[in-house]
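J.: Next one to model:
(one chain, ligands or ions: 1)
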Amino acid sequence: GMYVLSTYGAGCMVDTVMQISAGDPVLISVAVNKNNYTNEMIKKNKKFAISILDMDVDANIIKTFGFNSSRDMNKFAKVDTIEVDGIEVIKNCIGYMTCEVVNIIDADTHTLFIGKMVGADKFNYKKQMTYNYYQENKDDILKIELENGKTFYVCTICGYVYKGEELPEDFVCPICFASRELFEKKMK
Ligand code: FE
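T.: Residues are numbered from 1 along each chain as shown. Prediction:
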């Protein structure tokens, strides 16, 4: 799926959310890149929320949360949000879950946060945006405007678009830090 992960003062896009226990409490895991400011802030706050994006998701939500850092901007000022227990969640989505961190596991480039679900609400009954659907249709979903006949490169991990004839030698994705081999060359 495609989710906005948020905490006090930070938020980002994630695709790695799993329910790992159906018991009481429900446990949710989410993997977050260590370079991500949201990772740092969840460690500090010990709380996070997951907003579940639907098939009609506003491109602005993905662009705001996926292609920027919360170090540089207040992402929550750019989209409609609702405050739940002090954490902003996305308003135009299927719904959210709020979690308290119960375990933090180091996983090389990422941190696996395990949270106990403490709250949830549903806003609509649309179909969930899947990661595959997003990958296959991201040019349309993101409404990326490209000039005909021009070469561009798309990050196969996060969808970031680099406009240009050639990727620089030591290029890494500025958003998800994927290496240049993970970029797909395209032409409109
Ligand atoms: Fe990327």
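J.: you'd agree residue 60 is in a helix?
T.: Yes. The assignment for residue 60 (DSSP: H, G, I helix; E, B strand; the rest coil) places it in a helix.
J.: is the lengthiest helix in the chain anywhere near the ion?
T.: The longest helix of the chain (DSSP state H) is helix 131-141. No. Judged by Cβ under 5 Å from the ion, helix 131-141 and the ion are separated, with a smallest distance of 11.0 Å. Where C-beta positions appear, they are placed from N, C-alpha and C, glycine not excepted.
J.: what helix or strand is the residue of the chain most remote from its centre on?
T.: Going by Cα atoms, centre = their mean, the residue of the chain most distant from its centre is residue 149, 30.4 Å out. Under the criterion DSSP states H and E, no helix or strand holds residue 149.
J.: wait, what's in contact with it?
T.: 187, 188 (Cβ atoms under 8 Å, 6 or more residues apart in numbering).
J.: Which residues does stretch 103-123 contact?
T.: The contact list for stretch 103-123, computed with Cβ under 8 Å, 6+ apart, reads 20, 25-34, 39, 42-43, 47-48, 84-85, 91-102, 177.
J.: what does stretch 150-165 give?
T.: 13, 62, 66-67, 134-135, 138-139, 142, 144, 146, 167, 171, 173-176, 178, 182-188.
J.: where do the helices sit along the protein?
T.: Ranges of helices within the chain are 37-45, 59-66, 131-141, based on DSSP H.
J.: between the last one and helix 59-66, what angle do the directions make?
T.: Taking axes from the mean of the first three to the mean of the last three Cα atoms, to 10 degrees, one finds helix 131-141 and helix 59-66 inclined to each other by 110 degrees.
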